[in-house]
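# Provide a 3D model corresponding to the input given below.
(one chain, ligands or ions: 1)
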Amino acid sequence: MKITRISTLAVAPKFLFVKIETDEGIVGYGECLPDKAVIQAAAVQSFEHYLIGQDPTRIVHHWQAMVRGTFWRGGPSLGGGISGIELALWDILGKSLGVPVWQLLGGAVRDRIRVYYHCGGGTKEELVASAKALMDQGFTGLKFNPTGKQRVVEAPGTIERAVERVRAVRETVGNEVDVMLDFHGRVSPSMAVILEEEMRPYRPTFIEEPVLPENVPALTKLATQFKTPIATGERLFTRWGFREILESGAIGIIQPDPCVAGGVFETRQIAAMAETYYVGLAPHNPYGPLNLAACLHVAAASPNFFIQEIFDVTRLGGRAVKQPFEVVNGYIELPTRPGLGIDLDEEYCLANPMEPQVDHGRWFFEDDGSVADW
Ligand SMILES: [Mg+2]
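Sure thing, here's the model as predicted:
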């Protein structure tokens, strides 16, 4: 079998899919990071000259060639393109053998996969209503960002509003539900300590990105001051990018994202590294259905998996795919079809392109006009 064609499809609301065709008629689908989709699509096409004519089943070999064949390695742009290709290659391998990808990763270590949605709202009342709606649908975990834009130090009112959102959600959902908080790297270490201490009575399951992941010593120091477990990893790439954070001992949950961390196999290997540090796996995925599929196959085969992120119902695929995922009582059943298990409805995808403006950027500005972390 040989690769004959590589292409990308940017689809509404915000999916960037990869399609790899072969001379045997097997088509593999993958997904890239959709942020700055123009750059991601160009990264995918930049490997066309290498991949055309190659055997698509030599996945690790091609990954090595794409990663190590350039002096400037890694990062979200190149890494996103390589990851999207890698997902599509696993889809082809699974389809060629007639088995789901998790079977090729050592077989399933669980029967179904627990997932969570995001809740949210501009007001506390909207947040509580959104959390209650998720409970009514049977979810056993949810996540939200309790903070808005944050200055390096904050006034008591801002702190109290953030803490009040956590209290209100905990009181709404009770004590058997995982309430996960995402600080989104917006918060300074000084403020993270104050917020964690005040939110601690409401027992968050973890606090995600309490500070930006680029400063591991800062995160490690926070871990000595927090009692709440720390989660991070959505902005780290490949095993090498995760090494230091795991060695630091700072975190309880690792959150690699297959569509940017390096693909299915890289995410599985990061999970295995985490297992040796007694760290749980909660793959990042606020993106689309092919990346969700990649997450589910890794989750199926990883003993230290904890819970899977899905941003909302639109990310299950909708009409963009022929077999959208279904969440029942907070779980998704193991995918059983060959490969990643879902195929694009290309006619729908071509008729519903991603609007260019969704990719322009998102900003927070302070009252004085300066930029705050989004
Ligand atoms: Mg996050």
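# for the stretch 151-300 of the chain, which spans come out with low pLDDT?
Counting by pLDDT under 70, the stretch 151-300 of the chain contains no low-confidence range.
# Only alpha carbons, please: show the helix ranked longest in the chain as PDB.
Longest helix of the chain, by residue count under DSSP state H: helix 75-97. Output of helix 75-97 as PDB, limited to C-alpha atoms (Å, rounded to 0.1, in the frame of the first residue of the first chain):
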ATOM      1  CA  GLY A  75       5.900  23.600  18.600                       C
ATOM      2  CA  PRO A  76       2.200  23.800  18.000                       C
ATOM      3  CA  SER A  77       2.400  24.700  14.300                       C
ATOM      4  CA  LEU A  78       4.700  22.000  12.900                       C
ATOM      5  CA  GLY A  79       3.700  19.600  15.700                       C
ATOM      6  CA  GLY A  80       0.000  20.100  14.900                       C
ATOM      7  CA  GLY A  81       0.600  19.200  11.300                       C
ATOM      8  CA  ILE A  82       2.600  16.100  12.100                       C
ATOM      9  CA  SER A  83       0.000  15.000  14.700                       C
ATOM     10  CA  GLY A  84      -2.900  15.300  12.200                       C
ATOM     11  CA  ILE A  85      -1.000  13.200   9.700                       C
ATOM     12  CA  GLU A  86      -0.200  10.600  12.400                       C
ATOM     13  CA  LEU A  87      -3.900  10.200  13.300                       C
ATOM     14  CA  ALA A  88      -4.800   9.600   9.700                       C
ATOM     15  CA  LEU A  89      -2.000   7.000   9.400                       C
ATOM     16  CA  TRP A  90      -3.400   5.100  12.400                       C
ATOM     17  CA  ASP A  91      -6.900   5.200  10.800                       C
ATOM     18  CA  ILE A  92      -5.400   3.600   7.600                       C
ATOM     19  CA  LEU A  93      -3.500   0.900   9.600                       C
ATOM     20  CA  GLY A  94      -6.700   0.000  11.600                       C
ATOM     21  CA  LYS A  95      -8.800  -0.100   8.500                       C
ATOM     22  CA  SER A  96      -6.300  -2.200   6.600                       C
ATOM     23  CA  LEU A  97      -6.300  -4.800   9.400                       C
END
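# Tell me the helices and strands packed up against that helix.
For helix 75-97, the packing partners by 3 or more C-beta pairs under 8 Å, 6 or more residues apart in numbering; DSSP states H and E come out as strand 15-22, strand 27-32, helix 37-45, helix 59-68, helix 101-104, helix 258-261, helix 264-275, helix 289-301. Backbone N, C-alpha and C define where each C-beta goes, glycine included.
# now that helix: mean pLDDT?
Average pLDDT, helix 75-97: 97.
# Centre of the chain to it, how far?
Relative to its parent chain, helix 75-97 has a centroid offset of 15 Å by C-alpha atoms, centre = their mean, to the nearest Å.
# swap in stretch 91-102?
With C-alpha atoms, centre = their mean, you get 22 Å for stretch 91-102.
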